[in-house]
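Student: Mind folding the following:
(one chain, ligands or ions: 1)
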Amino acid sequence: ADLSTSIAGVKLPNLLLNASGVNCRYENELQQLLDSSAGSLVTKSATLNSRDGNPEPRYAPLAGQIGSINSMGLPNQGYEYYLEYAKKFDYNNGKPLFISLAGMSLADNKAMCEAFRDANLPCVLEINFSCPNLPGKPQLGYDMEAMEAALKVLAPIIGKPFGIKLPPYFDIAHFDQAAAIFNKFDNIAYVTCINSVGNGLAIDWESETALIKPKDGFGGLGGLMVLQTSLANVNAFYRRLNNGKQVIACGGVTSGKEAFLHILAGASAVQIGTQLQEEGTGVFERVSKELQEIMAAKGYKNVEEFRGKVKTL
Ligand SMILES: O=C(O)c1[nH]c(=O)[nH]c(=O)c1I
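Tutor: The predicted model follows:
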């Protein structure tokens with residue numbers, strides 16, 4: 001079965017890729033993604049300057065393989081590292097490149113977007129409005145006015161199709177408000193739903209201790225346990241966005257089954273985070289095979305035949 005897709009004007013031979021933040025901080029990790037069955041890759045969210053991030057332990061899988069908690073604190077090499085990578089990238093290799101940016105301020109995001117604009121590269125920018133782990137920094141994705149103000153500055157600078165990484169929303173009014181904002185910007189080509197479910201607390205019952213060190217153990221939740229929230233966000237924006245805007249799913253994909261569900265919900269591509277962290281890049285081959293088996297069993301030849309076709313009662 002054909003798993004290819006197009007997003008923001010670039011073609012992915014396989015709709016599976018990594019979630020920003022996992023296995024994508026360093027060039028060697030990005031090369032592992034290129035060498036895997038993933039159809040594309042997205043870099044770790046970049047800030048103006050390099051960052052070490054929060055003290056460790058800052059990531060932990062949850063017991064029973066239900067998910068993960070993280071408070072990495074935006075460790076990255078600084079945007080110029082990823083700009084150089086994007087300049088050297090072989091855009092004829094068959095897999096497109098997505099670059100994630102998470103400025104600590106609008107000025108930082110503006111400077112980084114201007115630098116990528118001036119470099120005039122085929123990579124696609126994904127602006128991260130949803131990092132939940134910067135002490136004292138509220139997520140822009142939860143401040144509708146600030147998010148719109150930022151987009152009014154950034155969208156014209158970027159000047160070509162780009163995407164936004166969104167936090168999970170839990171209120172229908174927020175789906176409505178956010179989608180109404182995004183529909184005002186023609187070059188928002190897609191939204192990626194969802195980032196981790198912010199500020200969960202994982203506690204080990206034997207040691208009576210939080211699993212991670214930063215922020216008293218508070219961190220973003222990912223993995224299978226966030227699947228239904230992720231499906232809802234994917235479908236809510238799929239129903240609300242217009243003019244061909246697409247949705248990339250992220251959240252709870254551990255097998256072909258969850259990837260299939262996300263496509264039913266409306267996803268054009270599917271990112272894998274926690275399961276990639278736990279299993280390694282072989283996850284892309286496994287999930288691709290499982291998805292193709294499901295499609296064959298159901299008689300689907302390509303994903304267009306069932307994308308967004310979730311039935312209601
Ligand atoms: O703590 C992080 O680095 C982080 N962790 C997440 O779960 N989502 C994000 O967008 C980020 I920038």
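Student: Thought residue 1 was touching residue 296, still the case?
Tutor: Yes: the pair formed by residue 296 and residue 1 meets the contact definition of Cβ atoms under 8 Å, at 6.1 Å. Backbone N, C-alpha and C define where each C-beta goes, glycine included.
Student: Where do the helices of the stretch 201-313 of the chain begin and end?
Tutor: In the stretch 201-313 of the chain, the helices defined using DSSP state H, counting those that start in this stretch lie at 227-240, 256-265, 274-279, 282-298.
Student: which residue of the protein sits farthest from its center?
Tutor: Within the chain, the residue lying farthest from the chain centre (Cα atoms, centre = their mean) is residue 206, at 33.5 Å.
Student: Now it: phi and psi?
Tutor: phi -70, psi -50 (degrees, to the nearest 10).
Student: So, low pLDDT: which residues of the stretch 1-150 of the chain?
Tutor: Counting by pLDDT under 70, the stretch 1-150 of the chain contains no low-confidence range.
Student: Now do the residue farthest from the centre of the chain against the ligand, distance only.
Tutor: Distance of residue 206 to the ligand, given as Cβ to the nearest ligand atom, to the nearest Å: 26 Å.
Student: hang on, the earlier thing: out of the helices of the stretch 201-313 of the chain, which gets nearest to the ligand?
Tutor: Closest to the ligand of the helices of the stretch 201-313 of the chain, according to Cβ to the nearest ligand atom: helix 274-279, at 9.9 Å.
Student: other SSEs contacting the closest one?
Tutor: Under the contact criterion of 3 or more Cβ pairs under 8 Å, 6 or more residues apart in numbering; DSSP states H and E, helix 274-279 touches strand 59-61, strand 68-70, helix 282-298.
Student: for that helix, which positions count as buried?
Tutor: For helix 274-279, burial by neighbour count (16 or more other Cβ atoms under 10 Å) applies to 274-277.
Student: beta partners of whatever residue of the stretch 201-313 of the chain ends up closest to the ligand?
Tutor: Nearest residue of the stretch 201-313 of the chain to the ligand: residue 220, at 3.4 Å (Cβ to the nearest ligand atom). Beta bridges link residue 220 to residue 70, judged by DSSP bridges.
Student: and the gap between the residue lying closest to residue 49 once chain neighbours are set aside and residue 43?
Tutor: In space, residue 49 comes closest to residue 78 once its chain neighbours are excluded; the distance is 5.1 Å by Cβ to Cβ, 6 or more residues apart in numbering. Look at residue 78 and residue 43: by Cβ to Cβ, to the nearest Å, they are 12 Å apart.
Student: Equivalent analysis for residue 274, please.
Tutor: For residue 274 relative to residue 43 (Cβ to Cβ), the value is 18 Å.
Student: for residue 29, same thing?
Tutor: According to Cβ to Cβ, residue 29 and residue 43 sit 9 Å apart.
Student: hang on, the earlier thing: now distance to residue 179 and mean neighbour count too, for the helices and strands packed on helix 274-279, in a markdown table please.
Tutor: As requested, the helices and strands packed on helix 274-279 are arranged in a markdown table below (distance: least, Cβ to Cβ, whole Å; neighbours: other Cβ atoms under 10 Å):
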| stretch | distance to residue 179 | mean neighbour count |
| --- | --- | --- |
| strand 59-61 | 31 | 18 |
| strand 68-70 | 27 | 28 |
| helix 282-298 | 27 | 17 |
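Student: List just the one of the ones you listed that sits closest to residue 141.
Tutor: The stretch from these with the least distance to residue 141 (Cβ to Cβ) is strand 68-70; that distance is 16.9 Å.
Student: The closest one and the ligand in contact?
Tutor: Yes: judged by Cβ under 6 Å from any ligand atom, strand 68-70 comes into contact with the ligand at residue 70.
Student: From the contact counts, what lies against that strand?
Tutor: Strand 68-70 makes packing contacts with strand 59-61, strand 218-222, helix 274-279 when contacts are defined by 3+ Cβ pairs under 8 Å, 6+ apart.
Student: Excluding chain neighbours, what is closest to residue 132?
Tutor: Leaving aside its chain neighbours, residue 132 sits nearest to residue 198 (3.3 Å; criterion: Cβ to Cβ, 6+ apart).
Student: Equivalent analysis for residue 60, please.
Tutor: Nearest to residue 60 is residue 211, by Cβ to Cβ, 6+ apart, at 4.0 Å.
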